[in-house]
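Trainee: Please find the sequence and the predicted model below.
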Amino acid sequence: MFNRKLIALLLASVSAAFASSAVAQEQPASQPATDASVGRAETLAISGFDDALPEGLSAKLAETMLCADSGVPAVGTGCLKIKPTPKAGKTVSATFPLPTGASPDAYAALSCFIRVSAKAGQVSLRWLAEDADGKTLFQRKFSAEKKDRWTRLFWPLTAWRWGSDRAGDWTQVKSITLVVESEAQDIQLDELAFTGSPASGAQADWLLKVAFGKKKHLTAGEQPLLVASSSSHKQPDMDKIAANFKLVETWMGRVLGDAVRPVGGDCPAALLIFADAKDWQGFFTRLAADWETSAVSPTGTGFTIQTYATSTYSDKFGWDRPVYLHEMCHALAARQLRLLNGVAGHWWLQEGLANYLQLCLYPSSLNRDEFAANFTKPVDQTGKGFFKPLKMLVTKDAGTQEYAQLASLIGYMLENKPQLLIDLVKATADGKKIAEAFDKNNVSLDDVEKAWFDWGAKTFAPDATPPNGPGSFFPVPEEWKDIATSRPASLPAEK
Ligand SMILES: [Ca+2]
C-alpha cells in the first residue's frame, strides 16, 4: 500500500517570543506614532479608535470600549479596550468588519499597536481572517507581553496559516477577529490597519526562505506552479517535474470542469524536495515557528499542507517519483479546487484524486489482485472489510488503508458520473452538505456504492483485460499519453 501518513500540524501554543514573521516595534507611551511612521498612504485603516467604536464591531464574552483616559493612546485621541468576561469552554473574541469594498490582498501586513494586562505577564492571542460567511480563511497566532507601553506589531500576510473551514484568498476577507486564548485583564488596541505594499511573488519567496533558508536550491515551473529542491536533482530533472506538475494542472482542469476555482493572489502550488528525511522534517519545524504553532513531523514519503507539497530525494526514482505526482495532485487540488488537506469531509476527495492519478501512471503502487479479490465479496457494512461503506468514508479524515478504494471510487465517477464528482467537489469546497450534490444528480450515496461496486467487479474481474498492460488499473489520461509510452515498461514500485 501507499506508505504515506497524514500527520497534521498541531495547533498548540508556543513561546512568548515573537517569531521573525511577527515584527515588533517598541513605541514609548510618551511619544505617539506619527502619521508618517504608520504609512497612511499605503494603509487600509480598520479603525483608529479615536472618536467612536468602529461600525459593526461585535464581541463575544468581552466588553469593548473606547478609552482615552487610561494612558496615552498610541495614535490620535483614543484607543480600544477589550475587557474579557470569560466563561469556561467559550471563546472570547472581538470581530472587526472591514470597510465595504476593501481588499486586504493589496497590502503586505496587518498591523496594530497593542498593550495587554494579565496576571501571567503575557496573553495568547489569535487573529482570524474571515469570509462573508464568517468562515476562517486565514489565522495567525501570536502572544503579547504585559508592558506599560505600546508595542506595534506587524503580521505579514505571507505568514498566515489557512483555517480549517474553507480555502480562499485575501480578496474574500470581509472581517477580522481577535481571539483571546488565555487569561487577560484587558487588551488595548490602536491603529488597526492593513499596511504596506506586497512585493510580487512574496508568497513564494517566503515559502522558499522557510524551506531552504540560505541553502542552495534549484527552482522550476511558472506561477502558480513552483518546484524547488535543495537535493541532488539537476535542472533538467527539475524541469521534468515542473512539466509533470503542469500536466496535473491540465488534467485537473479537464476532468473537474467548473469545480476549478483557483484561490487568487500569488499563492503557489508548490512541490518542495528536501535532501533527506531530517531536512524534510526540519521544514515543518521552521514552518511551525513562523506560524507560531508547534509541529509534528510527518513520516512516510510525502506530505502536503495547504498548497505546499513536500517530499525527499530518492536515487531510485530520480525525477519520476510516484510520491511527487501524488503530492503535487494534493497541492493543486487545494489551490485549484479549494479542497483542504487533512480536513475531514475534504479528505476522501483529496486522497481519491491523488491516489487515482498515482494508479493511472504508477500502477505498480498497488497489486491489481487486491481489487480482483475484494470486488468478489459484498462490502462489509460494519466497516471491517477491505472496502468500507461509502457513508463511512465521506465524513472522515482516515488512513492509507482506504486509499485503494478511494482511487477506484474516483475512477468510477470519472468514467460514469463525471458531473457528480464535479458537484461533490464544489459542495465540499463551499462547505455545503454533499447530499445536495447527490440530489442534484438524482442519485443517493447507496446508489453510488452499489453502482461503483458493480463497475469494480466487472472492471477488475480476474478475466478482464487491464487498460494499460498487465497490472494496470485505469487508462493513462490523455495528458500523459506521449510520456507514458516513452517510460520504462515497469517503473519500480513505491510502497
Ligand atoms: Ca487612536
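Mentor: Received the coordinates, thanks.
Trainee: Model confidence for P73, exactly?
Mentor: If you check P73, the pLDDT there is 77.
Trainee: Over to K396?
Mentor: For K396, pLDDT reads 74.
Trainee: any idea how far the spatially closest residue to it that is not a sequence neighbour is from the ion?
Mentor: Closest residue to K396 apart from its sequence neighbours, by Cβ to Cβ, 6 or more residues apart in numbering: A344 at 5.6 Å. Placement of C-beta: from N, CA and C, glycine included. Taking Cβ to the ion, to the nearest Å as the measure, A344 falls 42 Å from the ion.
Trainee: Mind checking what secondary structure A344 has?
Mentor: Secondary structure for A344, judged by DSSP: H, G, I helix; E, B strand; the rest coil, is coil.
Trainee: does it really touch T395, like I thought?
Mentor: Yes: with contacts counted by Cβ atoms under 8 Å, A344 reaches T395, the gap being 6.2 Å.
Trainee: and stretch 368-382, how far apart are its ends?
Mentor: 24 Å (Cα to Cα, to the nearest Å).
Trainee: what about the residue nearest to K396, how many neighbours?
Mentor: For A344, the tally of surrounding residues (other Cβ atoms under 10 Å) stands at 13.
Trainee: what does Q401 give?
Mentor: With other Cβ under 10 Å as criterion, Q401 counts 11.
Trainee: Tell me both backbone torsions, phi and psi, for it.
Mentor: phi -60, psi -20 (degrees, to the nearest 10).
Trainee: quick one: it and L366, what's the gap?
Mentor: 12 Å (Cβ to Cβ, to the nearest Å).
Trainee: measure stretch 91-109 end to end?
Mentor: 25 Å.
Trainee: which secondary structure element contains the closest residue to the ion within the stretch 51-200 of the chain?
Mentor: At 3.6 Å from the ion, G76 is the closest residue in the stretch 51-200 of the chain, using Cβ to the ion. Using DSSP states H and E, G76 is not contained in any helix or strand.
Trainee: now swap in G168 and tell me
Mentor: Per DSSP H and E, there is no helix or strand for G168.
Trainee: Isn't it up against V263?
Mentor: Yes: counting by Cβ under 8 Å, V263 is a contact partner of G168 at 6.0 Å.
Trainee: buried stuff in stretch 106-116?
Mentor: Y107, A108, A109, L110, S111, C112, F113, I114, R115, V116 (16 or more other Cβ atoms under 10 Å).
Trainee: And stretch 428-435, end to end?
Mentor: 10 Å.
Trainee: can you check stretch 93-102 too?
Mentor: Note: stretch 93-102 ends 22 Å apart using Cα to Cα.
Trainee: buried stuff in it?
Mentor: S93, A94, T95, F96, P97, L98, A102.
Trainee: could I get the residues you listed as a markdown table with secondary structure and distance to F386?
Mentor: Converted to a markdown table, the buried residues of stretch 93-102 look like this (DSSP: H, G, I helix; E, B strand; the rest coil; distance: Cβ to Cβ, whole Å):
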| residue | secondary structure | distance to F386 |
| --- | --- | --- |
| S93 | strand | 45 |
| A94 | strand | 50 |
| T95 | strand | 47 |
| F96 | strand | 51 |
| P97 | strand | 51 |
| L98 | coil | 50 |
| A102 | coil | 52 |
